[in-house]
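Peer 1: This is the structure alone, sequence omitted:
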């Protein structure tokens with residue numbers, strides 16, 4: 001199958017088309033005055049707690065308060081995080097990072113706490129946007145923060161290592177899992193190994209993991225100097241995020257009609273994937 005990415009950039013809009021065998025399969029549009037929020041991390045303040053629906057509304061500084069369900073307070077497994085991070089990805093049953101707590105993660109998600117016991121009005125909470133606002137509804141957020149890189153997704157509040165099942169070789173999945181477990185410090189979080197990690201070197205995995213963990217430390221430091229509600233960390237723009245998540249040696253071509261965007265992509269690829 002021939003796969004192509006076309007990027008058309010003008011001052012107030014960027015259009016991205018993904019083609020498979022010369023047929024359009026996805027069209028994405030990015031505008032500076034209407035940018036995507038998914039992935040953005042906010043220091044929010046609880047506006048209201050609603051035990052009847054086991055949810056809370058959180059003020060993150062947007063026009064409409066964000067919706068937080070009780071299930072999004074609970075630490076998830078690496079498998080669930082990968083499902084949410086990329087609907088097309090599937091992971092092996094995650095293996096717990098050995099941390100001496102004796103838990104084997106027998107259930108995919110712990111039982112959700114009662115929202116009225118976990119949160120109170122006026123409480124500050126770090127949240128990440130998981131769904132865009134729609135019509136009269138504000139964005140949906142989660143307290144389960146995840147930071148995506150090209151090869152890995154780092155989940156600070158987890159203890160699992162999962163590997164995408166879209167990596168066809170079971171030996172390669174086992175290799176990647178062992179390598180990540182070897183470089184992941186005890187009690188430092190969980191990791192998803194993404195599909196594009198196939199055949200990457202341990203050095204590349206370790207470099208990205210260190211970068212993601214460093215990013216998380218900066219986020220934690222920053223939130224201590226900010227007042228809720230405020231934006232703590234902005235997700236990569238649409239173009240950079242697409243290059244990070246989709247562009248690989250399985251893409252036949254990427255065509256850009258803007259020299260500025262081209263230079264940005266080249267510089268970004270030199271940093272995250274010099275082989276491309």
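Peer 2: Yep, it's here. Quick caveat: nothing in here was measured; it's all calculated off a predicted structure.

Peer 1: Contacts for stretch 3-14, please.
Peer 2: The set of residues external to stretch 3-14 that reach it, using CB atoms under 8 Å, 6 or more residues apart in numbering, is 15-20, 22, 29-33, 238-239, 242, 246-247, 250-258, 260-261. Glycine gets a C-beta too; all of them are placed from N, C-alpha and C.

Peer 1: Buried ones in that stretch, by neighbour count?
Peer 2: 3, 5-7, 9, 14 (16 or more other CB atoms under 10 Å).

Peer 1: Which strands border the lengthiest strand in the chain, and is each parallel or antiparallel?
Peer 2: Ranked by number of residues, the top strand in the chain under DSSP state E is strand 41-50. Its sheet considered, strand 41-50 pairs with strand 55-59 (antiparallel), strand 124-131 (antiparallel), strand 230-233 (antiparallel) by DSSP bridges.

Peer 1: follow-up on the earlier one: next, format the buried residues of stretch 3-14 as a markdown table and append distance to residue 41, secondary structure and pLDDT.
Peer 2: As requested, the buried residues of stretch 3-14 are arranged in a markdown table below (distance: CB to CB, whole Å; DSSP: H, G, I helix; E, B strand; the rest coil; pLDDT from 0 to 100):
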| residue | distance to residue 41 | secondary structure | pLDDT |
| --- | --- | --- | --- |
| 3 | 31 | strand | 90 |
| 5 | 27 | strand | 93 |
| 6 | 31 | strand | 95 |
| 7 | 26 | strand | 94 |
| 9 | 26 | strand | 91 |
| 14 | 23 | strand | 90 |
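
Peer 1: Same list (these) but as CSV, adding distance to residue 158.
Peer 2: Below are the buried residues of stretch 3-14 laid out as CSV (distance: CB to CB, whole Å):
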residue, distance to residue 158
3, 32
5, 31
6, 37
7, 34
9, 37
14, 33
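
Peer 1: Would you state the strands of the stretch 1-150 of the chain in chain order?
Peer 2: Here the stretch 1-150 of the chain has its strands, by DSSP state E, counting those that start in this stretch, at 3-10, 13-20, 23-30, 41-50, 55-59, 66-69, 95-96, 124-131, 140-142, 147-148.

Peer 1: rank those strands by mean pLDDT and give me the bottom one.
Peer 2: Ranked by mean pLDDT, the strands of the stretch 1-150 of the chain bottom out at strand 95-96, with a mean of 40.

Peer 1: And the contacts of stretch 118-133?
Peer 2: With contact meaning CB under 8 Å, 6+ apart, stretch 118-133 is reached by 36-49, 56, 58, 60, 62, 64, 66, 68, 70, 72-73, 84, 139-146, 223, 228, 232.

Peer 1: sorry, back to before: select, out of the strands paired with strand 41-50, the one closest to residue 195.
Peer 2: When the strands paired with strand 41-50 are compared for distance to residue 195 using CB to CB, the nearest one is strand 124-131, at 20.9 Å.

Peer 1: In terms of secondary structure, what does the lengthiest helix in the chain contact?
Peer 2: Longest helix of the chain, by residue count under DSSP state H: helix 202-223. Where contact means 3 or more CB pairs under 8 Å, 6 or more residues apart in numbering; DSSP states H and E, helix 202-223 is packed against strand 147-148, strand 152-155, helix 170-183, strand 230-233.

Peer 1: quick one: it to chain centroid distance?
Peer 2: 13 Å (CA atoms, centre = their mean, to the nearest Å).

Peer 1: related to what we said a few turns ago, for the helices and strands packed on helix 202-223, which one sits closest to residue 218?
Peer 2: Residue 218 sits nearest to strand 230-233 of all those, at 8.1 Å, using CB to CB.

Peer 1: I'd like the next helix or strand past the closest one.
Peer 2: Using DSSP states H and E, the helix or strand that follows strand 230-233 in sequence is helix 238-245.
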